[in-house]
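Participant: here is my input, please return the structure:
(3 chains)
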Amino acid sequence: MKTTLKTALAGLATCLAFTPALAEDIKVGLLLPYSGVYASLGQDIDDGFALALETYGAETGATFDLIREDTEVSPPVGLAKTRKLVLQDKVDVMAGIVSSGVLGAVRDMVHGSKVPLIVANAGNDEATGESCSPYVVRLSFSNGQVNRPMGQWMFDQGITKVYTLAPDYAAGHQMIDAFAEAFTAAGGEIVGQEYTPFRKTQDFGPYLTKAQASGAEAVFVFYAGGEAISFVKQYDSFGLKTDLPLYGSGFLTSSLYVNAQGPAAEGVITALHYVPTIDSVENKDFVAAFTEKTGRIPSEYAVHGYDSARALIEATKTGASDRETIAAALGKVSFTGPRGPLSIDPATNNLIQLIYVYETVAGETGLTQKVLATLPAQQDPVNGCVLK
Amino acid sequence: MFRHTPLRIATLVLLGAAAILYGLNAEYFGLEILTEIAILAILVIALDMVAGFGGMVSLFHGALMGIGAYGFTLLATKAGVAPLPAMIGAMALGGVVGWIVGAICARTHGIYFIMATLAFGQMAYSYIFESSFFGGDDGLSGAPRLDLSGLGIDLNDSRGFAFFALALLLAAYLAAVAILRSGLGRSVTGILHSEQRMRALGLNVWRVKAAIFGLSGVLAGLAGTLAAQHIMYVSPGLLAWTVSGEALVVVILGGLGTLVGPVVGAAFFVLLKHEVSAHTTHWHLVVGVILIAVVMSRANGIFGWLEARVARWQGRTHAAKTGNLALEGDSDA
Amino acid sequence: MTSDPGFWILQGLNALQLSMLLFLLSVGLTVIFGLMHFVNLAHGALYALGAYVAASVAAAVGYWPALIAAPLAVALVGVVLYGGLIKRMRKAGPMSQVLVTFGLIFAMLDLTRIIWGDFALGIDVPQILSGRAAFLGIEYPIYRLFIIALGGLAFVALTLVLSRTQIGAMIRAGVDNDEMAACLGINVEKLFFIVFCVGCGLAGLAGAIAAPLLSVTPDMGLQILIPTLIVIVIGGLGSLQGAIAGSLIYGFVQTFGAVLAPQLASVLIYALLAAVLVIKPAGLFPAKG
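Facilitator: Take a look at the predicted model:
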């Protein structure tokens, strides 16, 4: 049944592909949450995307016609909007997707209709693993990629016993699993693990008390958004930071909301694929341009949007102008962006990029990020991905 | 008991004609909206059966729909059951779960009934959300659509599926009318007017309540199987209490206890949501204000207001007709 | 871990802290219901509003003014709501009331987004409340002790007001039988108005004290609504004892559920609620027989 469905969709897509598109005008569907809990992430990605089109748009002969759709962070809504973009608006390429749930929901539609999708946030490992697709190219990160290098790095700092905490949903498990695997492979020991009910945990006190009693030397966590703010503040209020230093996935202290955490975030050490304080010409130009445009410091989400648009421009520079050629060209792009040198892994369509270990420190105007180490470019294992 | 007044029949014919005309002419996204309306309409018909005619204001119906959707997807993908028996199985599951929850909650009244159904709904939601067997937060994909190619209908085509959903909506409506006109339906309305009197007459009240709740669960389950086939993907969000809350809003906007009204409400709600969200991301604000205005107006929803106007107009010539059920459904609370 | 008494004391305090936060929220809701038979689903939205006002005021002039301004501002919103909506809905039956307040949730959710944006806000705790206190061989955050104390204080104060003062007697009479109370010359309308505004103010206060502990986000009101409803339904609508008992049950079940049976933690509380409703359909301490 599933295969008949796919053939049906593919058939539908071939019919639609006959509609001749103007070679120079490319219709881009942006699928982002403009409302709901991730609205601020969607806004940052959108701003980054627009900025890259302004900055690099002149380099290509193509012009871009943007159609924005609100996914409301809801898989069914995201899927309905994707179908609208593909079937009614007949877009040439889509970009966006913040939540892994939405990405999982739209994946078959994207694959079946052969409309390329540039993933600008969602990090679920399967998207560039067992359910990868030649039409899904990720310009953001994968959950494993960001956390795996921290396993070795933390062990190298002399930490041998770690307690982990994360929200109880797929991304939480993937982030922690990747770290834990690398950490134990390096010789460390995970002395305790806890997964908190996702979006239902406001008081982390009970879990923090457990971590304190576990005999660990450090705590490694993944939290994002509102949960990250509560977690970091409560961790500090329990006075754990001095005896039990807090490490984590870099989303914990994202520049997007680190100032809502206040002094509680000082000294927290995390790893991420982008921080606004990376010392490079490309990054400084980007930060200056983004700040001038929006009045905000760009977060990793803004960079996802920026690099997604940049990748699209790079793809069109090779002459790609319709669904099939754009998809093929996207898989081969490489350029140096604010995060450093980027290229697409030909085996999985996931981005290969550097990982930065950073400490949140007090700066002149609020909190800022001090890069402690730049870890070599990370390439995910193939994870059963067959691109066809 | 439910009656087909001329106004109700006229509205149904009008709605049906509009749906068919729209369905024949709409583009892709219009067909999506039509399908969405049909699915929501089935759910609110199920809800109106218990809330409007039985005074059982349920916040469990989102969960019943979700159970139907998950039941269908699991049967069709993991158990390898053909889509049609999977649909029937999922509806039966909705009925059984509905019956059990209805039986347990039957003792409570008014706000306590609402809270009890909310508690069961949240239990189902939390369980599915956290269970890896159900795909957790990421949900399950791969729900197939029914194969009606033998009848010359292609359900993988948006237009075919929209008309399929409309046909099932009609079937659900007729089933609800038949149930409400049966002996069971009369008992339910009797309980709404005076539970004590019905009890004195020797009626087993909880059994009646459980039965109607179970039948309502079958219809909600049907809505769920359709939702799963429509988006070919299920996620725990289907079971969230806000889905039940929105369904309740639709019933009230349309007209509680009129069966036709909620269908009007479903069409109105889905169209409004799409229109407003095309212009602003703040559609909640607009819907909230409209909801407040409708309830404050003291009319029984859009359709109830229409019925009251027609009744007043008729009242000038004929003897006064009996009014419909007022908003205060749970009068014996 | 189980052998260390300090661990259990800490977890007990965690449970107590959660209970007291929920108590401040649920007491307003339950007394409004007991007196006016009015279920205000927008209570959670008022709590979120309190948190936002507190965050804004704290950013401008500091924490203590915020702690006073937030309940006052939310009580003022209560005045407007009462005059504009609630008064007219008084006779409209529970269904309409539930729906009007459901509409209010929608409207207020978007209004806070329009005014304060989607970005999460945070508040810093004043110097005197930050840090930890050491006692019984453990260390515990002072701010959490402050919440426990504030909740306890509110409980004692409300108990005294209800049992010892004239207005308390009037409220009790109104809860028992509002028509009879009106016959005895009590101005029931005015009583409703006062209780409604005080209830809103308490929700605002809860928002203000929760703000430094949690993060201030548009959906925080929706998140807290279900726990609050569970508390008052378990406790029994309309009674102060019910609110405190329900809050304690919720706080302890949630905390120790998370510690002892993490896989069951989120289902446990709903199962408990269902069990209470089946065994005692009107809750543990209903306001009237």
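Participant: the helices in the chain, which residues?
Facilitator: Because you didn't say which chain, this covers chain A. All helices of chain A, identified by DSSP state H, fall at A:2-17, A:39-56, A:75-83, A:100-113, A:143-156, A:170-186, A:205-212, A:225-237, A:240-243, A:258-261, A:281-294, A:300-317, A:323-330.
Participant: the chain in question should be chain C.
Facilitator: The residue ranges that make up the helices of chain C, judged by DSSP H, are C:5-36, C:43-61, C:63-81, C:87-89, C:94-116, C:142-164, C:166-176, C:178-183, C:188-210, C:220-235, C:240-260, C:265-279.
Participant: with the stretch 51-200 of chain B instead?
Facilitator: Ranges of helices within the stretch 51-200 of chain B are B:61-77, B:83-105, B:110-130, B:158-181, B:183-193, B:195-200, based on DSSP state H, counting those that start in this stretch.
Participant: closest to residue B:244 out of those?
Facilitator: With CB to CB as the criterion, residue B:244 lies closest to helix B:61-77 of these, at 3.7 Å. Where C-beta positions appear, they are placed from N, C-alpha and C, glycine not excepted.
Participant: pLDDT at the closest residue to residue B:265 other than its chain neighbours, what is it?
Facilitator: Beyond its immediate neighbours in the sequence, the residue positioned closest to residue B:265 (CB to CB, 6 or more residues apart in numbering or on different chains) is residue B:254, lying 2.4 Å away. The score at residue B:254 is 87. That number is its pLDDT.
Participant: contacting residues for residue B:254?
Facilitator: Residues near residue B:254 by CB atoms under 8 Å, 6 or more residues apart in numbering or on different chains: B:44, B:260, B:261, B:262, B:263, B:264, B:265, B:266, B:268, B:301, B:302, B:303.
Participant: lowest-confidence helix or strand of the chain?
Facilitator: Defaulting to chain A. Using mean pLDDT, DSSP states H and E, the weakest-scoring helix or strand in chain A turns out to be helix A:2-17, at a mean of 47.
Participant: nope, chain C please
Facilitator: None of the helices or strands of chain C scores lower by mean pLDDT, DSSP H and E than helix C:178-183, at a mean of 78.
Participant: anything in that helix near chain B?
Facilitator: No - residues of helix C:178-183 contacting chain B under CB under 8 Å from any CB of the partner chain: none, with a closest distance of 15.9 Å.
Participant: what residues does that helix touch?
Facilitator: Residues from elsewhere that reach helix C:178-183 (CB under 8 Å, 6+ apart): C:35, C:170, C:173, C:174, C:188, C:191.
Participant: now that helix: buried residues?
Facilitator: By neighbour count, and taking 16 or more other CB atoms under 10 Å in any protein chain shown as the criterion, the buried residues in helix C:178-183 are C:178, C:181.
Participant: what's residue B:280 sitting at in phi/psi?
Facilitator: Per-residue torsions, residue B:280: phi -150, psi 150 (degrees, to the nearest 10).
Participant: which residue comes closest to the most centrally placed residue in chain A once chain neighbours are left out?
Facilitator: Geometric centre of chain A, nearest residue: residue A:121, 3.4 Å, by CA atoms, centre = their mean. The spatially closest residue to residue A:121, leaving aside those adjacent along the chain, is residue A:98, at 4.4 Å (CB to CB, 6+ apart).
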